[in-house]
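>>> After the sequence you'll find the predicted model.
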Amino acid sequence: MERRWGLPIVAWPSRLRPTIWDLIALPLVLGAIALVAWGGKEMSVPYNFGEELPISLDPAVLPQYALRTVLRMFMALLASLVFSLAYAALAAKSRQAEKVLIPTLDVLQSVPILGFLSITVTGFIALFPGSLLGVECAAIFAIFTSQAWNITFSVFQSFRTLPGDLDEAARMYHLTAWGRFWRLEVPHAMPNLVWNMMMSMSGGWFFVVASEAITVSGRSIKLPGVGSYIAVAIEKQDLTAIYYAILVMFVVIVLYDQLLFRPLLAWSRKFKVEELGAEEPERPWFLVMLQRARIFDLMELLAERLFGLLGAFSRSFAWRPKLRLLPNPSGAAPPPWAERLWDGILIVVAVAALVWLIAFIRSTIEWSEIGEVVLLGLATAIRVLLLILIASVIWVPIGVWIGLRPAISDRAQAIVQFLAAFPANLFFPIAVILILRFHLNVEIWVSPLMILGTQWYIAFNVIGAAAALPGDLKFAADNLGVRSWLWWRRIILPGIFPAYITGAVTAAGGSWNASIVSEVVKWGDDTLIATGVGAYIAKWTEAGDSQRIALGITVLCLYVILFNRLFWRRLYDVAAERLRLD
């Protein structure tokens, strides 16, 4: 009798048999792996500090530049996601940690990206001598600083506004801190988290020019990428090259919107509190392909087997990890004397740091100049508050209208992403020409450049919050006939308020940061300078005066902390205590 080798085909699981969708999925997977491998290789080529990297304005090189820029941005986004989950969880779970972490976050989001670059570039270059990887890491870190703070504020707000019934259910089922984190808190944060990841990706485009065109120790380093391409085009006043860069940016944003964020957004809807009465949105084509292609089921099976083997291996050595990453929320609060001791330590450290900083600044700067810089900060503060108010009046009603209509929000998603990603410095030529031609007031008409890239934080958060409103809440409002202003006051505004505060705080911090490039506008030989602390920092950064740079950044950070403590933090507490979806 002839012996048959191997298993009959019927033994192969049906969910792993190839389908027509695998013919689409397999080339995409292999192509993505090949592009990432090529980009990683190009990031680690030999490089000596001071060597000039040629940047061509030939449109044929733009696809290559776009790939390298997108790889940097996604690496920064992944690092931002990991950082945000850990940082926000610790801040939301511990009152002592919150007193340090949230003010630190306020400072970090207000420190200009140029400040991070001036500190980190030299360190990364020393960490990877003789390789381009050091400069690449500095650029990725700079993009990280333009993405992480927004995501962290979003996750923190979601953790603080966890519905009480879900919290009670976690206590009843005796979830561990690790189980509570992954099964309750992260899923509750997921809808707003995905929207803020999209916004942060767009925010990275806003600062991509500063991230890829780096100046350190008087030397300019331009990494191959779309940001450097735009910087060179602005230097040479090549409008045609700028048009090509805008076109490539639009194509890239549409691609990663279709292949990543649209499927993520559809997937995140399953984490909404309720879906009763909700309109069933159309599933993205790429998500349908992912669900029907069997290659991903095979990869999932292989991953499960691998983790199973690792688990068995760890059990064989009787190793038991203690996964108490987060403090138990039901645990006893620390005694009052411990909190007072912790507060005292923080005050002493803060006063010591402030004294050292004042001594450093006063070594070359008189008190009169410090007072002048404080007034410059007040001028910038007035601009920021007025711009946030105007952006809120415009984008809250538009964001609610879009968010309550899933089909429209899906279509508007790519458009808003592109507008948010559009670098503000591409508007500088238009601003300079219009201001000079019509003799406009520089103090007023450069202000919109500060909000162009940051207003979208408000739009994204409002859209995400409106889309995440429980379906039964909207269904009940319809049945009770709640309309007009009562509908806004009792249903919509309380429902979106926590997310709006997150967007407004981040937009305000981003506007402070953007003041450095918006209060000094250049195009060719024409330079327009507005009164403000941003223009002061830009002036002395170019001159390389460390004391005055430190003074400008300190005043800027103090204003941000002051507004956050006295205004935004109070609104955060209102959102956490009175506007939870219990």
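Perfect, I can see it now.
>>> Any idea how many residues pack against residue 269?
17 (other C-beta atoms under 10 Å). Heads up, the C-betas are built off the backbone N, CA and C, glycines and all.
>>> send the alpha carbons of stretch 367-382 over as PDB?
Taking Å, rounded to 0.1, in the frame of the first residue of the first chain, the C-alpha atoms of stretch 367-382 are listed here in PDB:
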ATOM      1  CA  TRP A 367      16.400  93.700  36.000                       C
ATOM      2  CA  SER A 368      15.000  96.300  33.600                       C
ATOM      3  CA  GLU A 369      15.500  93.900  30.700                       C
ATOM      4  CA  ILE A 370      13.800  91.100  32.600                       C
ATOM      5  CA  GLY A 371      10.800  93.300  33.200                       C
ATOM      6  CA  GLU A 372      10.700  94.100  29.500                       C
ATOM      7  CA  VAL A 373      10.700  90.400  28.600                       C
ATOM      8  CA  VAL A 374       7.800  89.800  31.100                       C
ATOM      9  CA  LEU A 375       5.800  92.500  29.200                       C
ATOM     10  CA  LEU A 376       6.700  90.800  25.900                       C
ATOM     11  CA  GLY A 377       5.300  87.600  27.400                       C
ATOM     12  CA  LEU A 378       2.100  89.400  28.300                       C
ATOM     13  CA  ALA A 379       1.700  90.600  24.700                       C
ATOM     14  CA  THR A 380       2.100  87.000  23.400                       C
ATOM     15  CA  ALA A 381      -0.300  85.800  26.100                       C
ATOM     16  CA  ILE A 382      -3.000  88.100  24.900                       C
END
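>>> Quick one: distance of that stretch to the chain centre.
Distance, stretch centre to chain centre, for stretch 367-382: 29 Å (C-alpha atoms, centre = their mean, to the nearest Å).
>>> Buried ones in the longest helix seen in the chain, by neighbour count?
Longest helix in the chain, counting residues (DSSP state H): helix 367-403. For helix 367-403, the neighbour count (16 or more other C-beta atoms under 10 Å) marks 373, 376-377, 379-381, 383-384, 387-388, 391-392, 395-396, 399-400, 402-403 as buried.
>>> which residues of the stretch 51-200 of the chain score low on pLDDT?
Within the stretch 51-200 of the chain, the ranges that satisfy pLDDT under 70 run 110, 112-119, 164.
>>> can you map out the strands along it?
Under the criterion DSSP state E, counting those that start in this stretch, the stretch 51-200 of the chain contains no strands.
>>> ok, back up a step: just list what the longest helix of the chain packs against, helices and strands only.
Packing partners of helix 367-403 (3 or more C-beta pairs under 8 Å, 6 or more residues apart in numbering; DSSP states H and E): helix 406-421, helix 448-451, helix 455-467, helix 493-518, helix 533-543, helix 546-563.
>>> what's the spacing between residue 24 and residue 436?
According to C-beta to C-beta, to the nearest Å, residue 24 stands 53 Å off from residue 436.
>>> Report the spatially closest residue to residue 293, excluding sequence-adjacent ones.
Leaving aside its chain neighbours, residue 293 sits nearest to residue 25 (3.7 Å; criterion: C-beta to C-beta, 6 or more residues apart in numbering).
>>> Phi and psi next, for that neighbour.
Note on residue 25: its backbone torsions stand at phi -70, psi -40 [degrees, to the nearest 10].
>>> Look up how far residue 270 lies from it.
For residue 25, the distance to residue 270 - C-beta to C-beta - is 22 Å.
>>> got the contact list for the residue lying closest to residue 236 once chain neighbours are set aside?
What sits nearest to residue 236 in space, not counting adjacent residues and going by C-beta to C-beta, 6+ apart, is residue 57, at 7.2 Å. By C-beta atoms under 8 Å, 6 or more residues apart in numbering, the contact set of residue 57 is 229, 232-233, 236, 238, 241.
>>> could those be laid out in JSON lines, adding neighbour count?
Output for those, formatted as JSON lines (neighbours: other C-beta atoms under 10 Å):
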{"residue": "229", "neighbour count": "31"}
{"residue": "232", "neighbour count": "17"}
{"residue": "233", "neighbour count": "20"}
{"residue": "236", "neighbour count": "11"}
{"residue": "238", "neighbour count": "15"}
{"residue": "241", "neighbour count": "20"}
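>>> quick one: which of the residues you listed is nearest to residue 260?
Proximity of the contacts of residue 57 to residue 260 (C-beta to C-beta) peaks at residue 229, which lies at 23.1 Å.
>>> Burial check on residue 261, number of neighbours?
21.
>>> so it touches residue 198, yeah?
Yes - shown here, residue 261 and residue 198 form a contact pair, counting by C-beta atoms under 8 Å, at 5.0 Å.
>>> show me where the stretch 201-350 of the chain has helices.
Along the stretch 201-350 of the chain, counting by DSSP state H, counting those that start in this stretch, helices occupy 208-212, 226-235, 239-256, 262-268, 285-292, 294-316, 336-362.
>>> Just name the most buried of those.
Comparing the helices of the stretch 201-350 of the chain by mean neighbour count (mean count of other C-beta atoms under 10 Å), helix 208-212 comes out on top with a mean of 26.
>>> Check which helices and strands that helix is in contact with.
Applying 3+ C-beta pairs under 8 Å, 6+ apart, we find helix 208-212 packed against helix 62-93, helix 113-127, helix 133-160, helix 226-235.
>>> on that earlier part again, distance check, the residue nearest to residue 236 against residue 229.
7 Å.
>>> Now the common contact residues for the two.
Here residue 57 and residue 229 have residue 241 as joint contacts, going by C-beta under 8 Å, 6+ apart.
>>> Residue 245 and residue 233 touch, don't they?
Yes - with contacts defined as C-beta under 8 Å, residue 245 counts as touching residue 233 at a distance of 6.6 Å.
>>> so where's the stretch 251-400 of the chain uncertain?
Residues of the stretch 251-400 of the chain that meet the criterion pLDDT under 70 lie in 272-282, 294-298, 300-301, 303-304, 307-308, 310-334, 339.
>>> hmm, back to that, tell me which of residue 25 and residue 270 has more neighbours.
The neighbour count for residue 25 versus residue 270, taken as other C-beta under 10 Å, is higher for residue 25 (19 against 10).
>>> Hmm, residue 289 and that one touching each other?
Yes - counting by C-beta under 8 Å, residue 289 is a contact partner of residue 25 at 6.0 Å.
>>> Just the angle for the longest helix of the chain relative to helix 336-362, thanks.
Helix 367-403 and helix 336-362 are oriented at 120 degrees to each other (axes from the mean of the first three to the mean of the last three C-alpha atoms, to 10 degrees).
>>> Helix 493-518 and helix 367-403, what's the angle between them?
Using the same axes, to 10 degrees: helix 367-403 against helix 493-518 is 130 degrees.
>>> From the chain's centroid, how far away is helix 367-403?
Distance of helix 367-403 from its chain centroid, counting by C-alpha atoms, centre = their mean, is 20 Å.
>>> Report the angle between it and helix 455-467.
Angle, helix 367-403 to helix 455-467, by the same axes, to 10 degrees: 40 degrees.
>>> and helix 367-403 with helix 533-543, angle?
Interaxial angle of helix 367-403 relative to helix 533-543 (the same axes, to 10 degrees): 120 degrees.
>>> So what does residue 129 have for phi and psi?
As for residue 129, its main-chain torsions (degrees, to the nearest 10) stand at phi -70, psi 140.
>>> Could you give the number of residues near it?
Residues near residue 129, counting by other C-beta under 10 Å, number 11.
>>> With residue 260 instead?
By other C-beta under 10 Å, the residues close to residue 260 number 16.
>>> got it, and residue 78?
The number of residues packed near residue 78 is 12, by other C-beta under 10 Å.
>>> List the contacts of it.
Residues in contact with residue 78 (C-beta under 8 Å, 6+ apart): none are found.
>>> And it, how close does it get to residue 305?
With distances taken as C-beta to C-beta, residue 78 is found 25 Å from residue 305.
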